[in-house]
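> I'd like to go over a predicted model; first the sequence, then the structure.
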Amino acid sequence: MKSFLNRRHAAQPGGPSPSSHLVAVARDASQEAADASADAQAARRIHETDHPPHPETEAADQRDNADSLDERVSVSADAAVTARMPSHIGGAPRPVSTLHAVPAMPAHLSGRPVQIADGASFEALVATRTLTTFRSFRSFDYTVTMLFHSESLGYFVALHQDGTLWHAFRANDIDSASAVFHHLQEQATRLADGETRLAQLSAQNVLLARQIEDSEAQAERLRVDLQRHSEQEHRVSARQHQVRKDVAQLEAQRIAAQAQLNKAHRAIHQLTVTSSEGVPHLHGR
C-alpha cells in the first residue's frame, strides 16, 4: 500500500521526486497481482474519505488506477520470471528468450534432402499400389528398391531382409534417392558376402562329393578289371599248361604209333618177300 501511495504522490505536483520509488521484490506473479489489487482498493477508499470524488476527477482516477494496476502486474510478472532465471557471473539477469513453435520434424533432420520414412506409412503406400518401382537390387535375402510417389513427387528407398522391411528413407529428388540406393546396395552386398561364400562352399562341397563318388566308382571298375585280368591270366596259364601236357602226351602217342606203323610196314615187306619166293620164274620166249 505504501508503494502505491508513493507512486500516486510522485505523479502529483510537489510530490516526491520521480527518482524516488520502491523496488518490487520478485514474487509469484499471481500473488503480486492480488496484492496490487488490494492496495488499489485500499487507496481508493482512503482517497474517497479525505476528498469527495468529482465526476471528472473520479473518471481520471479510475483510469490512473487501472493503468497503475496493469503496470504493477506486468512488473511483478517480469520480476518473477527474472527471479527464476539463473544469473551470469557479473550478476546481471539473463534476457528472456522468445518462444517459438516447435517443428514436427527434428531440427537435425529438417531441411535435409533425405529423411527417415515412417515404416507403417510406407507399407500402406505399397499396399495401395501408389508407388512405382524405379530400381531394384536383390542379393540373396536382401532387396533394395527405389520407388517414386507420383502424388507427392517424392522418392522412397527401402531395404528388405527376407521380405521384411528393415530401413525406409524418403528423398525429395532423384539424385538424393540414387545416392541412398547405392549406399543401401553396397550395404546389402556386404551383408550378402557371407551368403555368397556359403553358396560357393556348398556348391564346391557338392562338386567334390560327386567327384569323389565318380572317382571311387572308377577305382572300383579298375579293381574289377584288374581282378578279371588276373583271373583270366590264371585261366590262360592253366590252359597253356594243360595244352603243353596234352601236346606232350599226343606227341608220345604219335611216336609210339609211328614206331608201330614202321614195324607193321616191315612185317608186310617181309611177308611179301616170303610170298614171292614160291612163285616160279618164267623165261620169256
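Done, it's in.

> Show me where the stretch 151-285 of the chain has its helices.
174-191, 193-276 (DSSP state H, counting those that start in this stretch).

> So which of those helices is the most surrounded?
helix 174-191 (a mean of 17; mean count of other CB atoms under 10 Å). Bear in mind the C-beta positions are built from the backbone N, C-alpha and C, glycine included.

> elements contacting that helix?
strand 114-116, strand 131-139, strand 142-149, strand 154-161, strand 164-171 (3 or more CB pairs under 8 Å, 6 or more residues apart in numbering; DSSP states H and E).

> Let me have the helices of the stretch 151-285 of the chain in a markdown table, extended by mean pLDDT.
Below are the helices of the stretch 151-285 of the chain laid out as a markdown table (pLDDT from 0 to 100):
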| stretch | mean pLDDT |
| --- | --- |
| helix 174-191 | 94 |
| helix 193-276 | 93 |
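
> and Phe169, how many neighbours does it have?
21 (other CB atoms under 10 Å).

> Domains of this structure: list them as residue ranges, please.
Using automatic domain parsing, the domain parsing of the chain gives 2-84, 114-191.

> Which one of these has the poorest average confidence?
Note on these: lowest mean pLDDT is at domain 2-84, with a mean of 50.

> And the helices and strands packed on helix 174-191: which comes nearest Arg244?
Comparing the helices and strands packed on helix 174-191 against Arg244 with CB to CB, the closest turns out to be strand 131-139 (76.9 Å).

> Can you tell me the strand partners of the closest one and which way each runs?
Strand 131-139 has its sheet partners listed here by DSSP bridges as strand 142-149 (antiparallel).

> orientation of the strand it pairs with relative to helix 193-276 in degrees?
Put simply, strand 142-149 runs at 130 degrees to helix 193-276, going by axes from the mean of the first three to the mean of the last three CA atoms, to 10 degrees.

> Of all the residues in strand 142-149, which ones are buried?
For strand 142-149, a neighbour-count test (16 or more other CB atoms under 10 Å) marks 142-148 as buried.

> which residues sit against stretch 186-201?
137, 139-144, 159 (CB atoms under 8 Å, 6 or more residues apart in numbering).

> Quick one: end-to-end distance for that stretch.
Taking CA to CA, to the nearest Å, stretch 186-201 runs 22 Å from one end to the other.

> before we move on, what about stretch 143-160?
Stretch 143-160 has an end-to-end distance of 5 Å (criterion: CA to CA).

> Neighbours of the residue lying closest to Ala179 once chain neighbours are set aside, how many?
Leaving out its chain neighbours, the residue that sits closest to Ala179 by CB to CB, 6 or more residues apart in numbering is Val114, at 7.7 Å. For Val114, the neighbour count with other CB under 10 Å is 18.

> show me the contacts for Val114.
Val114 touches 169-172, 176-177, 179-180, counting by CB under 8 Å, 6+ apart.

> May I ask which two of these are separated the most?
Farthest apart among the contacts of Val114 - using CB to CB - are Arg170 and Ala179, which lie 13.3 Å from each other.

> ok, now how distant is the residue lying closest to Phe137 once chain neighbours are set aside from Ala171?
Spatial nearest neighbour of Phe137, excluding adjacent residues (CB to CB, 6+ apart): Val144 at 4.4 Å. Applying CB to CB, to the nearest Å, the value for Val144 to Ala171 is 14 Å.

> what sits in contact with each of those two?
By CB under 8 Å, 6+ apart, the residues touching both Val144 and Ala171 are Val157.

> how near is the residue nearest to Ala179 to Tyr155?
9 Å.

> where do the contact lists of those two overlap?
Taking CB under 8 Å, 6+ apart as the contact rule, Val114 and Tyr155 both touch 170-172, 176-177.

> which one among those residues gets closest to Glu220?
Distance ranking of the shared contacts of Val114 and Tyr155 against Glu220, using CB to CB, places Ala177 first at 61.5 Å.
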